[in-house]
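**Student:** mind looking at a prediction? Sequence and model below.
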Amino acid sequence: MEKKNLDWENLTFSYQPIDKRYVAMYKDGAWQEGELSDDPNVVLNECAGVLQYAQQVFEGLKAYTTKDGHIVCFRPDLNARRMYDSAQRMEMPPYPKDKFVEAIKEVVQANAAWVPPYGTGATLYLRPYEFGYSSVIGVAPAKDYEFRIFGTPVGPYFKGGVKPITVRVSDFDRAAPRGTGHIKAGLNYAMSMHAIVTAHAEGFAENIYLDAATRTKVEETGGANILFVDQDGTLVVPKSDTILPSITRRSLVYVAEHYLNLKIDERPVYWQEVLDHKFVECGLCGTAAVISPIGRINDHGTIIDFPSGMEEIGPVMKKMRETLLGIQMGEVEAPEGWIMRIL
Ligand SMILES: *Cc1c(COP(=O)(O)O)cnc(C)c1O
């Protein structure tokens, strides 16, 4: 198979339509057989459920080439399960988990020429999503739904070394108690746009959100979970019902415990602990970057500088990041079932 002629090392994180995408319809109370399509456009009725009442859930994962030349995906079964849970919370018919994984395989196989070669740092980012398709005007779930997966080649998150970022504590809240913070839905992003645009305008890479009920505990950023390392070298992982269960975070916790013999402390993390300099490293985790180190947090003018500094990722986060990347790329032996070989 001949690869597409792309400048793989210099791709950005942006959308580029590729040859095939997967489409399946839910009609008359059942999922129809899905198929690959050449058409990147979705034509909707003006009153479609997704357009009026934002009935949409999504996922994000990557297909990439390992050291030994195979095209693989990382733990797609967890994306399937999470999207199933997200859909149920939104009163949308959940897409069957085994079919989700099969559809991922079909899309990647059909677009193998778009999967970046090993060593470029680039990946084929896959975006499964589901939305309310039929018209809805009285507030109710749609009757019909569409499930799709498209892919887009994206560049390495960090070019020329992993650089720590500066983030701020947001004045806005991300997720209400007993709300939708734990599911992956576009609506959680829609309401974060104002916070991220103003954060960027003020020179911050991201917003840290505190818990909406008491504003005393660390939650996550708009699109990534947060991890800390304390003075004893323990990995401290914020725990809350309103944090999105990141697959990268769950994988890193496993790696820290079973590969690096670190102690893990999953618990509510109070903002005061951060102000009191209880932590020596901090980072964001998610599919795209694996870990982005945080060097500095600005809380309304109060600056928290982590000892790891603004030049380099701290030693514990570095080991965790390299080990998980090694597992993903086939350089370190993976736990059973983590790597799904496609080609
Ligand atoms: C997708 C997402 C993450 C990261 O999850 P991964 O499965 O690691 O990619 C974290 N927080 C939010 C709010 C997200 O939407």
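**Tutor:** Alright, I've got the coordinates. Residues are numbered from 1 along each chain as shown.

**Student:** host element of F100?
**Tutor:** Using DSSP states H and E, the element containing F100 is helix 97-110.

**Student:** what helices or strands is whatever helix or strand comes next after that helix leaning on?
**Tutor:** Downstream of helix 97-110, the first helix or strand assigned by DSSP H and E is strand 123-132. If you count contacts as 3 or more C-beta pairs under 8 Å, 6 or more residues apart in numbering; DSSP states H and E, strand 123-132 packs onto helix 49-53, strand 56-58, strand 61-65, helix 76-89, helix 97-110, strand 145-154. Using the backbone N, CA and C atoms, a C-beta is placed for each residue, glycine as well.

**Student:** I'd like these as JSON lines, with mean neighbour count appended.
**Tutor:** Shown next, in JSON lines, are these (neighbours: other C-beta atoms under 10 Å):
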{"stretch": "helix 49-53", "mean neighbour count": "19"}
{"stretch": "strand 56-58", "mean neighbour count": "22"}
{"stretch": "strand 61-65", "mean neighbour count": "24"}
{"stretch": "helix 76-89", "mean neighbour count": "19"}
{"stretch": "helix 97-110", "mean neighbour count": "19"}
{"stretch": "strand 145-154", "mean neighbour count": "23"}
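
**Student:** could I get the ones you listed as a markdown table with mean pLDDT and distance to the ligand?
**Tutor:** Converted to a markdown table, the helices and strands packed on strand 123-132 look like this (pLDDT from 0 to 100; distance: least, C-beta to the nearest ligand atom, whole Å):
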| stretch | mean pLDDT | distance to the ligand |
| --- | --- | --- |
| helix 49-53 | 98 | 18 |
| strand 56-58 | 98 | 8 |
| strand 61-65 | 98 | 7 |
| helix 76-89 | 98 | 7 |
| helix 97-110 | 98 | 14 |
| strand 145-154 | 98 | 13 |
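
**Student:** just put the ones you listed in a markdown table and tack on distance to K4.
**Tutor:** Supplementary listing: those in a markdown table, determined by distance: least, C-beta to C-beta, whole Å:
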| stretch | distance to K4 |
| --- | --- |
| helix 49-53 | 31 |
| strand 56-58 | 25 |
| strand 61-65 | 13 |
| helix 76-89 | 23 |
| helix 97-110 | 13 |
| strand 145-154 | 8 |
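
**Student:** quick one: closest of these to G286.
**Tutor:** strand 61-65 (10.9 Å; C-beta to C-beta).

**Student:** now could you export just the CA positions of that closest one as CSV?
**Tutor:** C-alpha atoms of strand 61-65 as CSV (Å, rounded to 0.1, in the frame of the first residue of the first chain):
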residue,chain,number,x,y,z
LEU,A,61,-8.6,7.9,19.5
LYS,A,62,-5.7,7.4,17.2
ALA,A,63,-4.5,4.8,14.7
TYR,A,64,-0.7,4.8,14.1
THR,A,65,2.2,2.7,12.9
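
**Student:** packing partners of it?
**Tutor:** By 3+ C-beta pairs under 8 Å, 6+ apart, strand 61-65 packs against strand 71-74, helix 97-110, strand 123-132.

**Student:** got phi/psi on the nearest residue to S308 once chain neighbours are set aside?
**Tutor:** Spatial nearest neighbour of S308, chain neighbours left out: G314 (3.2 Å); criterion: C-beta to C-beta, 6 or more residues apart in numbering. When quoted as degrees, to the nearest 10, the phi and psi of G314 stand at phi -70, psi 160.

**Student:** how much space between G314 and the ligand?
**Tutor:** 20 Å (C-beta to the nearest ligand atom, to the nearest Å).

**Student:** tell me how many other residues crowd that residue.
**Tutor:** Residues within reach of G314, counting by other C-beta atoms under 10 Å, total 23.
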